[in-house]
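Undergrad: What follows is a predicted structure for the sequence shown.
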Amino acid sequence: MKAELVPAQIEHIPAIAADMREADREELRAAWCLTPLDCMFHGLAHSEKAWVGFIDGEPVCMFGVVASSILGNVGRPWMVGTKQLDEHPLVFLRRCKREGCLREMRERFDVLTNYVDARNTRAIQWLVWLGFEISTNPQKIGPYKMPFFKFEMRREQ
């Protein structure tokens, strides 16, 4: 099984959006009330860095980091994945750590923070595995006021 990461391109979006995990679709709907395509186009357009993960030549996820505050040097990491990513999560996660994507984000920003849908247990597990701290108090986010946990990583961690 071959896993690789490449810089994200707009042409990667349709394939990933078409096969997006239901939990990711629900999270985007709850937070933004937007379609996967709209969210991915927005995320890619505003990201300082973004990557696409491939497994055996198939795009399985897109992720990146958006600068949310120039003064506070805060980045907002994001990621969406396909159903195929769930079939081989360790292959991708190991590759991501080895490639240094998270390291690049941490070198660029003092703080990495965002929110994850409290229902998205897979995403929460991945964030913990990557070393993010997850808040235990959910906050009501988005038009439906769904519970989301804040996650964060500081450069000195």
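TA: Now that the structure is in, tell me what you want to look at. This one's a predicted model, so the numbers in the text were calculated from it and none came from an experiment.
Undergrad: CA atoms for contacts and neighbours, from now on please.
TA: Will do.
Undergrad: What is the helix or strand in which I13 is found packed up against?
TA: Element membership of I13, judged by DSSP states H and E, is helix 13-18. Helices and strands touching helix 13-18, by 3 or more CA pairs under 8 Å, 6 or more residues apart in numbering; DSSP states H and E, are helix 36-46, strand 58-69.
Undergrad: Counting neighbours, which bits of it end up buried?
TA: 13, 16-17 (16 or more other CA atoms under 10 Å).
Undergrad: Who are the contact partners of the residue nearest the centre of the chain?
TA: Geometric centre of the chain, nearest residue: M79, 1.8 Å, by CA atoms, centre = their mean. Listed by CA atoms under 8 Å, 6 or more residues apart in numbering, the contact set of M79 reads 61-64.
Undergrad: Beta-bridge partners for it, please?
TA: With DSSP bridges as the criterion, M79 is bridged to F63.
Undergrad: cool, and F151?
TA: N114, I134.
Undergrad: List the contacts of it.
TA: F151 sits next to 113-116, 127, 132-135 when contact means CA under 8 Å, 6+ apart.
Undergrad: ok, back up a step: any idea which of the helices and strands packed on helix 13-18 gets closest to P143?
TA: helix 36-46 (15.2 Å; CA to CA).
Undergrad: which is the next helix or strand following the closest one?
TA: strand 47-55.
Undergrad: Give me the average confidence score over that following strand.
TA: Taken as a whole, strand 47-55 has a mean pLDDT of 94.
Undergrad: same deal with stretch 76-83?
TA: 95.
Undergrad: now could you export just the CA positions of it as PDB?
TA: This file holds the C-alpha atoms of stretch 76-83, laid out as PDB (Å, rounded to 0.1, in the frame of the first residue of the first chain):
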ATOM      1  CA  ARG A  76      -6.800  27.000  12.200                       C
ATOM      2  CA  PRO A  77      -6.100  23.500  10.900                       C
ATOM      3  CA  TRP A  78      -8.800  21.700   9.100                       C
ATOM      4  CA  MET A  79      -9.200  18.300   7.400                       C
ATOM      5  CA  VAL A  80     -11.900  16.300   5.500                       C
ATOM      6  CA  GLY A  81     -11.600  12.700   4.500                       C
ATOM      7  CA  THR A  82     -13.200  10.100   2.400                       C
ATOM      8  CA  LYS A  83     -14.600   6.700   3.400                       C
END
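Undergrad: and S69, what are its bridge partners?
TA: V74.
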